[in-house]
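1. The following comprises the amino acid sequence and a computationally predicted model.
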Amino acid sequence: MLDIRWMRENRPALAEAMAKLHDAEAPWERALDLDEERRALIKQGESLREERNAGSKRIGNLFREKKADEANALKQRMGEIGSEIAQIDDQLRQVESSFHDAMMRIPNPPEEDVPVAPDEEGNVVVSQWGDLPGFDFEPQAHWDLGPQLDIIDFERGVATAGSRFYFLKGAGARLQRVLSNWFLDVHIQEHGFTELYPPMMVRGHAMEGTGNLPKFGENLYRDAEEDYWLIPTAEVSVTNLHRDEILEPGALPLYYVASTPCFRREKVSAGKDARGIKRVHQFQKVEMVKFVEPATGREELETLTRAAEVLLERLELPYRRVAIATGDLSFVAAIKYDLEVWAAGCQEWLEVSSCSLFRDFQARRANIRYRPREGARPEYVYTLNGSGLALPRVIIALLENNQRADGTIRLPEALASYLGGDLEIG
RNA sequence: GGAGGGAUGGCCGAGAGGACGAAGGCGGUUGUCUUGAAAACAACUGUGGCAGUGAUGUCACCGGGGGUUCGAAUCCCUCUCCCUCCGCCA
């Protein structure tokens, strides 16, 4: 959510930002109109209330002075004011709810240096690491390698839970668990993150805090009976950790990391990415979340992104960093880098991390503030998050890039201590 | 799942239709006293909206939402959360 005052005072900048985002539906003009109405109604209501408060006080005094007649006359007048107030409150309620709804549907303006383009065609590769692996045979895709090695079972996954579900089995399941642990340990031990085990089902308001609701409910699973929503990423629960809090001076920055399953409806066209585990309804992901002071936002984004990149480097996986263009930016992000890893079998760059700076956009929605100094007014924090990393896709890259002609796999040395030296699959 | 009891400022805790933004205590800040500290004493000590350059004014807020009333922390409805006992369970 944006600051309505900023919107009032910076109309041209706002218009320009919205144009850059190519989001024609963003109801920012409507929000500004409703804000006018809203403030007019507040003013009217308050002056009536002022009159009523004074009147009520007088009535009390009159009764105490045994002047019942005068009191009753006043009572009648106050009754009229009361119904006027009720009428204005009704109007205000409606306007306020439309206003809030409009505000919740206005996306975050992009940072100055985000590439401007209408869609993902405008994304820019800003750096690339590692050489693409070469093969003297035709490398297989993971949807062939996995079943051959008996470490991914698609058929039984589908039979059990439907399309886009799978079992990881044996060395496959173990690899995922080990990767998750290793990622967590690196973030905790080397980058100062605190591990969390967060709720994986949350209330609707938590989803609003991170910007998943109201606009993107169709991507989420929910228990309609009890108003529980399954998290599409740990970002949701972890960002809400400090909802409605005022953090004391010195508390920032706060770094958290959590490994959780993520649940997504993925209502993309039925055929797209249907094979394998590139796009599934349930996957494991290690997520980093930062709460920081506004001035440090951009450098925190850089160190966050690096914390994810380092993992890929140690896994010897070639990757590139992509700066997301304005038209492809998510609703809540002011700037975003995707990390894409090369998968030699499907011959594709796969997104395994997405690192974003939200500025105070989420903090406003979730009401997360901090006190810059003792006694100072609370201000909204900046939030950031990034995957570090998304798991099944990392497994895809490890299998496909490290395969040998006979279909066996040699895993990178970085995992040796976590696998008890057992780096061979198959 | 059943039966009860709760939710008041940073914390503890009173208040049971009007004098209540809310007693009292703790904590915090400042001052007096002191060589310094402690103690004692005194004053101050919540958040947000709206209007105003500003001093300031005004409105709202006693878990959330609705209602009754001229007037609600206080009465009614509803939701959420917490506690106790029973049942069930990892």
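-> Yep, it's here.
2. Tell me which other helices or strands the worst-scoring helix or strand of chain A on mean pLDDT touches.
-> Within chain A, no helix or strand scores below strand A:246-247, which has a mean of 83 by mean pLDDT, DSSP states H and E. Contact analysis of strand A:246-247 by 3 or more C-beta pairs under 8 Å, 6 or more residues apart in numbering; DSSP states H and E lists strand A:369-370 as its packing neighbours. (Each C-beta comes from the backbone N, C-alpha and C, glycine too.)
3. that older thread, need the next SSE after the least confident helix or strand of chain A, C-terminal direction.
-> Downstream of strand A:246-247, the first helix or strand assigned by DSSP states H and E is strand A:254-263.
4. Give me the neighbour count for residue A:298.
-> Neighbourhood size, residue A:298 [other C-beta atoms under 10 Å]: 14.
5. Return the residues in contact with whichever residue of the stretch 301-426 of chain A sits closest to RNA strand B.
-> The stretch 301-426 of chain A approaches RNA strand B most closely through residue A:378 (4.9 Å), counting by C-beta to the nearest atom of the strand. Residues near residue A:378 by C-beta atoms under 8 Å, 6 or more residues apart in numbering: A:246, A:369-371.
6. if we go to 10 Å?
-> A:245-247, A:367-372 (C-beta atoms under 10 Å, 6 or more residues apart in numbering).
7. Domain map for chain A?
-> Listed by automatic domain parsing, the domain ranges of chain A are A:4-104, A:120-425.
8. Quote the end-to-end distance of the longest one.
-> To tie it back to what came earlier, the one meant is domain A:120-425. 37 Å (C-alpha to C-alpha, to the nearest Å).
9. Centre of the chain to that domain, how far?
-> Distance of domain A:120-425 from the chain centroid (C-alpha atoms, centre = their mean, to the nearest Å) equals 11 Å.
10. is any part of the least confident helix or strand of chain A close to RNA strand B?
-> No - using C-beta under 7 Å from any atom of the strand, strand A:246-247 stays clear of RNA strand B, with a minimum separation of 7.8 Å.
11. who does that strand pair up with?
-> Strand A:246-247 pairs in its sheet with strand A:369-370 (parallel), by DSSP bridges.
12. what element comes up after the strand it pairs with heading to the C-terminus?
-> Remark: after strand A:369-370, the chain's next helix or strand is strand A:379-380, criterion DSSP H and E.
13. what angle separates the helix or strand following that following strand from strand A:254-263?
-> Downstream of strand A:379-380, the next assigned helix or strand under DSSP H and E is strand A:382-390. Counting by axes from the mean of the first three to the mean of the last three C-alpha atoms, to 10 degrees, strand A:382-390 lies at 50 degrees to strand A:254-263.
14. Residue A:348 against residue A:340, yeah?
-> Yes - at 8.7 Å, residue A:348 counts as touching residue A:340 under the criterion of C-beta atoms under 10 Å.
15. neighbour count winner among these two?
-> Counted by other C-beta under 10 Å, residue A:348 and residue A:340 do not tie: residue A:340 has more neighbours, with 23 against 17.
16. Check which residues of the strand or helix carrying residue A:103 are buried.
-> Assigned by DSSP H and E, residue A:103 belongs to helix A:68-104. Going by neighbour count (16 or more other C-beta atoms under 10 Å), the buried part of helix A:68-104 is A:71, A:74-75, A:78, A:82, A:85, A:88, A:91-92, A:95-96, A:98-99, A:102-104.
17. same question, stretch A:134-150
-> A:139-146, A:149.
18. Please write out the alpha-carbon positions of that stretch in CSV.
-> The C-alpha trace of stretch A:134-150 is given here as CSV (Å, rounded to 0.1, in the frame of the first residue of the first chain):
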residue,chain,number,x,y,z
GLY,A,134,29.2,-29.6,-22.6
PHE,A,135,28.3,-33.3,-23.3
ASP,A,136,29.6,-35.9,-25.8
PHE,A,137,26.1,-37.5,-25.6
GLU,A,138,22.5,-36.1,-25.7
PRO,A,139,21.8,-35.0,-22.1
GLN,A,140,18.5,-36.2,-20.8
ALA,A,141,15.8,-34.2,-19.0
HIS,A,142,15.0,-34.9,-15.3
TRP,A,143,11.6,-36.3,-16.2
ASP,A,144,13.6,-39.2,-17.8
LEU,A,145,16.5,-39.3,-15.4
GLY,A,146,14.4,-39.2,-12.3
PRO,A,147,12.3,-42.3,-13.0
GLN,A,148,15.2,-44.2,-14.5
LEU,A,149,17.2,-43.6,-11.2
ASP,A,150,14.0,-44.3,-9.2
